[in-house]
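**Q** with the sequence up front, the predicted model follows.
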Amino acid sequence: DQQVKQNSPSLSVQEGRISILNCDYTNSMFDYFLWYKKYPAEGPTFLISISSIKDKNEDGRFTVFLNKSAKHLSLHIVPSQPGDSAVYFCAAKFTFNTNAGKSTFGDGTTLTVKP
Amino acid sequence: EAQVTQNPRYLITVTGKKLTVTCSQNMNHEYMSWYRQDPGLGLRQIYYSMNVEVTDKGDVPEGYKVSRKEKRNFPLILESPSPNQTSLYFCASSLSGTGTNEQFFGPGTRLTVL
């Protein structure tokens, strides 16, 4: 049972436009969500996160939106730049229960930003 | 420089030959974890450690062992590797396993089991 899903394996956008990456989860007990970015031949790096008590978190060009009732989060990148081309992973975790050490990742979405 | 290091970066081995992938972090992090990445399956957690001498199973622990004798090191052991363990492996660490801490990942180890 895959608890975190990214249904779009790939996304291609034009430089300067908005990129929207989506993520759905099934376990309503997840209370913290993170996005990681991964370039080829490197490990993932943390991008942005959001607590389940919020519905939006913004950091520069990156904004994450959380819709708890729909169990859905999205990452918006505005404006998109060619350097944003990478694989983006959505992750979910529990912050303070017996499963606090577990992290569940989605399959990843490959974003290509065309100049 | 704060980092997570893994060795080796690339390894080709044969079925049944025991191997160890080392992981070390220099950030004094309490929490460490191992993941494997396979096409179409994303990152799946193998084992994690909340602190020294405390380890627990992730989602895909079968065929793997870990130990956490020191805070900085978290080796992944494959006692009898099989071809289905061919994968890209990542070690990660964070300040704590609880709370809102992000993970810092190593560069990955690409393992091929023939």
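**A** Looks like it came in fine. As the structure is a computational prediction, the values presented were derived from the model and not from experiment.
**Q** CA only for contacts and neighbour counts going forward, please
**A** Fine.
**Q** which non-adjacent residue is nearest the residue in chain A positioned nearest to chain B?
**A** Taking Cα to the nearest Cα as the measure, chain A has residue A:107 as its residue closest to chain B, at 3.6 Å. Distance criterion Cα to Cα, 6 or more residues apart in numbering or on different chains; nearest residue to residue A:107, sequence neighbours excluded, is residue B:42 at 3.6 Å.
**Q** the one you found: neighbour count?
**A** A count of neighbours around residue B:42, defined by other Cα atoms under 10 Å in any protein chain shown, yields 21.
**Q** check it and give its pLDDT.
**A** For residue B:42, the model assigns a pLDDT of 88.
**Q** that one against residue A:110, yeah?
**A** No. Between residue B:42 and residue A:110 there is no contact under Cα atoms under 8 Å: 11.4 Å.
**Q** and residue A:113, what does it touch?
**A** Counting by Cα atoms under 8 Å, 6 or more residues apart in numbering or on different chains, residue A:113 touches A:12, A:13, A:14, A:15, A:80, A:81, A:82, A:83, A:84, A:85.
**Q** near chain A, which residues of chain B?
**A** With Cα under 8 Å from any Cα of the partner chain as the criterion, chain B comes near chain A at residues B:31, B:40-45, B:48-50, B:58, B:90, B:97-100, B:102-108.
**Q** let's see that with 7 Å instead.
**A** When proximity is defined by Cα under 7 Å from any Cα of the partner chain, chain B lies next to chain A at B:40-45, B:48, B:50, B:58, B:90, B:97-100, B:102-108.
**Q** just the buried residues of the residues you listed.
**A** B:42-45, B:48, B:50, B:58, B:90, B:97-100, B:102-108 (16 or more other Cα atoms under 10 Å in any protein chain shown).
**Q** what about the residues you listed, which are in strands?
**A** Secondary structure from DSSP state E places B:42, B:43, B:44, B:45, B:48, B:50, B:90, B:104, B:105 of those in strands.
**Q** which two in those are spaced the farthest apart?
**A** The span of those, defined through Cα to Cα, is set by B:42 and B:50 at 22.6 Å.
**Q** any weak-confidence spans in the chain?
**A** Just so you know, I chose chain A. Flagging of chain A using pLDDT under 70 yields the residue ranges A:1.
**Q** got the residues of it near chain B?
**A** A:32, A:42-46, A:95-96, A:100-103, A:105-108.
**Q** could you identify the most distant pair in these?
**A** Among the residues of chain A next to chain B, A:42 and A:96 lie farthest apart (Cα to Cα), at 29.7 Å.
**Q** contacts for stretch B:62-80?
**A** Applying Cα atoms under 7 Å, 6 or more residues apart in numbering or on different chains, the contact partners of stretch B:62-80 are B:15-26, B:28, B:30, B:32, B:51-54.
**Q** tell me the contacts of the residue in chain B that chain A sits nearest to?
**A** As assessed by Cα to the nearest Cα, chain A sits closest to residue B:42 within chain B, at 3.6 Å. Counting by Cα under 7 Å, 6+ apart, residue B:42 touches A:105, A:106, A:107, A:108.
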